[in-house]
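S.K.: Quick one, fold the following:
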Amino acid sequence: MGSQENAELVRRGYAAFSAGDIATLNELFAEDAVWHVPGTSAISGPKQGRGAILAFFGELMTETAGTATVTVQDVIGGPDHTIGLHHNHSERKNKVDDQDAVLVFTIRDGRVTEVHEFHENTARTDEFWA
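M.R.: Coordinates of the predicted model:
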């Protein structure tokens, strides 16, 4: 796949996440994909495998009572890596996490194989999930 196709795949993933479309997300991730969450909170660390990634997304929605949203700012496609720039907003336990984030996607054979997540302020995210 080329840069444009990879960018479209990532845009589809953002749209599916926002819509709670698990079927589409299931198609976009390789079975052995890994999602890396930075920080030291209870949700930090690698999510190994498509099932664990989808369960992580479910946990985000459950823990935030569905307030976890992403607003895509830009997607920059590349032949191997595609970058998603977005704004996060979540609420839980009388706390708000509202900041920019970056996802670096590795895409192979038309599927996401790895994602590295970066937050504008990782300490703030850790506090939100404490």
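S.K.: residue ranges of the strands in the chain, please?
M.R.: 29-37, 45-48, 69-76, 81-92, 95-108, 111-119 (DSSP state E).
S.K.: would you list those in JSON lines and tack on distance to residue 4, mean pLDDT and mean neighbour count?
M.R.: The way it works is simple: take the backbone N, C-alpha and C, and place the C-beta from them, glycine included. Shown next, in JSON lines, are these (distance: least, C-beta to C-beta, whole Å; pLDDT from 0 to 100; neighbours: other C-beta atoms under 10 Å):
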{"stretch": "strand 29-37", "distance to residue 4": "20", "mean pLDDT": "98", "mean neighbour count": "18"}
{"stretch": "strand 45-48", "distance to residue 4": "28", "mean pLDDT": "98", "mean neighbour count": "15"}
{"stretch": "strand 69-76", "distance to residue 4": "10", "mean pLDDT": "97", "mean neighbour count": "14"}
{"stretch": "strand 81-92", "distance to residue 4": "10", "mean pLDDT": "97", "mean neighbour count": "18"}
{"stretch": "strand 95-108", "distance to residue 4": "12", "mean pLDDT": "97", "mean neighbour count": "17"}
{"stretch": "strand 111-119", "distance to residue 4": "16", "mean pLDDT": "98", "mean neighbour count": "18"}
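S.K.: Against residue 68, how distant is the residue located most distally from the centre of the chain?
M.R.: What lies farthest from the middle of the chain is residue 94; by C-alpha atoms, centre = their mean that is 23.0 Å. Here residue 94 is placed at a distance of 16 Å from residue 68 (C-beta to C-beta, to the nearest Å).
S.K.: what do you get for residue 122?
M.R.: Distance from residue 122 to residue 68, by C-beta to C-beta: 17 Å.
S.K.: Then residue 95?
M.R.: For residue 95 relative to residue 68 (C-beta to C-beta), the value is 13 Å.
S.K.: Same question for residue 118.
M.R.: For residue 118, the distance to residue 68 - C-beta to C-beta - is 17 Å.
S.K.: quick one: contacts for the residue farthest from the centre of the chain?
M.R.: By C-beta atoms under 8 Å, 6 or more residues apart in numbering, the contact set of residue 94 is empty.
S.K.: Then residue 73?
M.R.: Taking C-beta under 8 Å, 6+ apart as the test, what residue 73 contacts is 85, 86, 87, 100.
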